[in-house]
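Asker: Prediction below, plus the sequence it came from.
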Amino acid sequence: MLNKKLLWASLTACGLILSTASISVAMPTHSSEHTQEFRSIEQPLELKVGVTIGGLALIGLELWWFLFSKAKTQRQEP
């Protein structure tokens, strides 16, 4: 039982670390006219894949936690 908990904790930690590994900040353009628009920043494919995998791992972890982790209670007959 401890090994399963350790495995899930490790996978969750890896997912969180990989999903927050790189942060890009959108900077406003340096033009003479002041607009409220931002430039589009092309993200690396590795970052997109990492964020997607991290998100899917977290969704899977939530589904497991709320649907499958709790033992089914049994009714006791008096």
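Answerer: That came in fine, so what should we check first?

Asker: can you pull the buried residues of the strand or helix carrying L47?
Answerer: Using DSSP states H and E, L47 sits within helix 45-63. Across helix 45-63, burial judged by 16 or more other Cβ atoms under 10 Å covers G50, V51, G54, A57. Yep, even glycine has a C-beta here, placed from its N, CA and C like the rest.

Asker: would TSV of the residues you listed with distance to C14 be doable?
Answerer: Shown next, in TSV, are the buried residues of helix 45-63 (distance: Cβ to Cβ, whole Å):
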residue	distance to C14
G50	10
V51	14
G54	9
A57	8
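
Asker: List just the nearest of those residues to L6.
Answerer: A57 (16.0 Å; Cβ to Cβ).

Asker: Contacts only, for the closest one.
Answerer: Going by Cβ atoms under 8 Å, 6 or more residues apart in numbering, A57 touches L11, T12, G15.

Asker: Just the buried ones from those?
Answerer: Of those, these count as buried by 16+ other Cβ under 10 Å: G15.

Asker: which one of the contacts of A57 is nearest W65?
Answerer: T12 (10.2 Å).

Asker: Ignoring the adjacent residues along the chain, who's closest to that closest one?
Answerer: Spatial nearest neighbour of T12, chain neighbours left out: L61 (5.8 Å); criterion: Cβ to Cβ, 6 or more residues apart in numbering.

Asker: so the one you found touches A13, yeah?
Answerer: No: L61 sits out of contact with A13 when judged by Cβ atoms under 8 Å, with a separation of 11.1 Å.

Asker: For the helix or strand of the chain with the lowest mean pLDDT, enumerate the helices and strands it packs against.
Answerer: In the chain, no helix or strand scores lower on mean pLDDT, DSSP states H and E than helix 2-19, which sits at a mean of 78. Secondary structure elements in contact with helix 2-19, counted by 3 or more Cβ pairs under 8 Å, 6 or more residues apart in numbering; DSSP states H and E, are helix 45-63.
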